[in-house]
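Visitor: Provided below for reference: sequence and predicted model.
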Amino acid sequence: MSEGQRMAELYRSIYEGDRQGEAWHGPALKPLLKNVTADQAAQPPKVGSHSILQLVLHMAYWEEVMLRRFNGEDVIAPLNSPDDWPSNRKVTAEEWQAALRRLDSSHHAMRAAIANCPDEKLDQIVPGKNHNFYAVLHGIIHHCVYHSAQAAILKRSLA
């Protein structure tokens, strides 16, 4: 198994979890978000600064950016922009489902790219950056874990 395939499996597990929806760090992201309603997703947090909706859109955005970079594009993605952190707003159930589909799609595309990554590419520098793909791919995995934990805390605070 290549390093990319091992990283892709780790990425899959933190997003989908095992049969009980668990990952090494606790609840996996997709099962965690399964019963969150649109109203809950957009509810301003009692703790922290972002809603579950914002976290979902932020994760999807960075997966999309990283995939574009992984595919050789020099992407300018300023931090704390409206694309990075969309403003919170009340959403319909359809809009919430669309946000979840976007996250699912970006995650699957990123995971496929990781799984098919030749080990040699891991040492290559990301276009326009001073770090390699190995760091970026591990970074996107850690990013998912970090924001999954935030979503779990927010979801618990809604109960």
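Guide: In hand now; what should we look at? Remember, predicted model here, so these are calculated numbers, not experimental data.
Visitor: out of everything not next to it in sequence, what's closest to residue 28?
Guide: Spatial nearest neighbour of residue 28, excluding adjacent residues (CB to CB, 6 or more residues apart in numbering): residue 17 at 2.8 Å. Where you see a C-beta, it was placed from the backbone N, CA and C, and this is true even at glycine.
Visitor: looking just at contacts, which helices and strands does the strand or helix carrying residue 153 meet?
Guide: Residue 153 belongs to helix 133-158 when assigned by DSSP states H and E. Other elements packing on helix 133-158 under the criterion 3 or more CB pairs under 8 Å, 6 or more residues apart in numbering; DSSP states H and E are helix 3-16, strand 26-27, helix 29-33, helix 52-70, helix 93-115.
Visitor: Mind doing that once more with 10 Å?
Guide: Applying 3 or more CB pairs under 10 Å, 6 or more residues apart in numbering; DSSP states H and E, one finds that helix 133-158 contacts helix 3-16, strand 22-23, strand 26-27, helix 29-33, helix 38-42, helix 52-70, helix 93-115.
Visitor: pLDDT below threshold where in the protein?
Guide: Scanning the chain for pLDDT under 70 picks out 47-48.
Visitor: any idea how far the residue located most distally from the centre of the chain lies from residue 68?
Guide: Relative to the centre of the chain, and counting by CA atoms, centre = their mean, the farthest-placed residue is residue 120 at 24.6 Å. Going from residue 120 to residue 68 by CB to CB, to the nearest Å gives 20 Å.
Visitor: Also residue 41?
Guide: Separation of residue 41 from residue 68 (CB to CB): 26 Å.
Visitor: So for these two, which sits in the more crowded spot?
Guide: A direct count of neighbours by other CB atoms under 10 Å for residue 41 and residue 68 places residue 41 higher, at 27 against 14.
Visitor: how many other residues sit next to the closest residue to that one other than its chain neighbours?
Guide: Here the nearest residue to residue 41 in space, its sequence neighbours aside, is residue 53; by CB to CB, 6+ apart that works out to 4.1 Å. A total of 25 residues lie near residue 53 under the criterion other CB under 10 Å.
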